[in-house]
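Undergrad: Sequence first, then the predicted structure, then my questions.
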Amino acid sequence: MRFLWLDTETTGLEVTDSAAFELAFILVDGGKVICERCFFLNPLNDIIKYHEEAGKVHGYSEQDIKSFPDEREQMPKIANFLEEARELWQKDGSKSEKLVIAGYNVEFDIKHLKALLERNGYKFEDYFSNIIADVFVQVKRAGMQKALPYLPDRKLGTVAKHLGVNLENAHDALADIKATREVAGKLYKLGVALL
């Protein structure tokens, strides 16, 4: 399977009034990293707002986000990357295979990626299968299997620290997704499957 690991940083929580301004992708085939990409964009407008609570988490100001290229300018680059990632997967030249999306509590990131694509005339389903590899689910499974002890919470930083995974730049999308992949690998070595 070919996995596209995803993490986003967003202007807020809900897609009704917030959006992703940073998207990090790691394309992996058979456990081998093919490429890493990170996109910064400015989604802010009359509907998409900057939320102070989100800024306290990721550390980007409204002015920082406004300095990024406009979402409409970045979207063709993002779509082109997704298209190339999907095309690479098709060893027989067909266009029937789609990417497996992976991440930590990745439903949140999927929600924001879908909204970004839809706002710009693209469809999530054109690139991704319906298989989701969520490391947060793997962490819960590890707890049930007693592969992980009781931890104060299941946040990425807490689990990463327990497993000895370095996460220096938490809430930097690329750093988060690299740590997520490493956590998944360590849990797999402990006998806890990702899928």
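TA: Yep, it's here. Quick caveat, the model's predicted, so the values are computed rather than measured.
Undergrad: Is it correct that Pro69 is in contact with Phe40?
TA: Yes: Pro69 lies in contact with Phe40 (C-beta atoms under 8 Å); the separation is 7.2 Å. Just so you know, the C-beta spots here come from the backbone N, C-alpha and C atoms, and that holds for glycine as well.
Undergrad: which of these two has more neighbours?
TA: Phe40 (18 against 13; other C-beta atoms under 10 Å).
Undergrad: Spit out the contact partners of the nearest residue to the more buried one once chain neighbours are set aside.
TA: Sequence neighbours aside, Phe68 is the residue nearest to Phe40 in space, at 4.4 Å (criterion: C-beta to C-beta, 6 or more residues apart in numbering). Phe68 makes contact with 21, 40-42, 74 under the criterion C-beta atoms under 8 Å, 6 or more residues apart in numbering.
Undergrad: Kindly reformat these as a markdown table containing distance to Leu187 and pLDDT.
TA: Shown next, in a markdown table, are the contacts of Phe68 (distance: C-beta to C-beta, whole Å; pLDDT from 0 to 100):
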| residue | distance to Leu187 | pLDDT |
| --- | --- | --- |
| Phe21 | 30 | 98 |
| Phe40 | 30 | 98 |
| Leu41 | 32 | 97 |
| Asn42 | 36 | 98 |
| Gln74 | 33 | 97 |
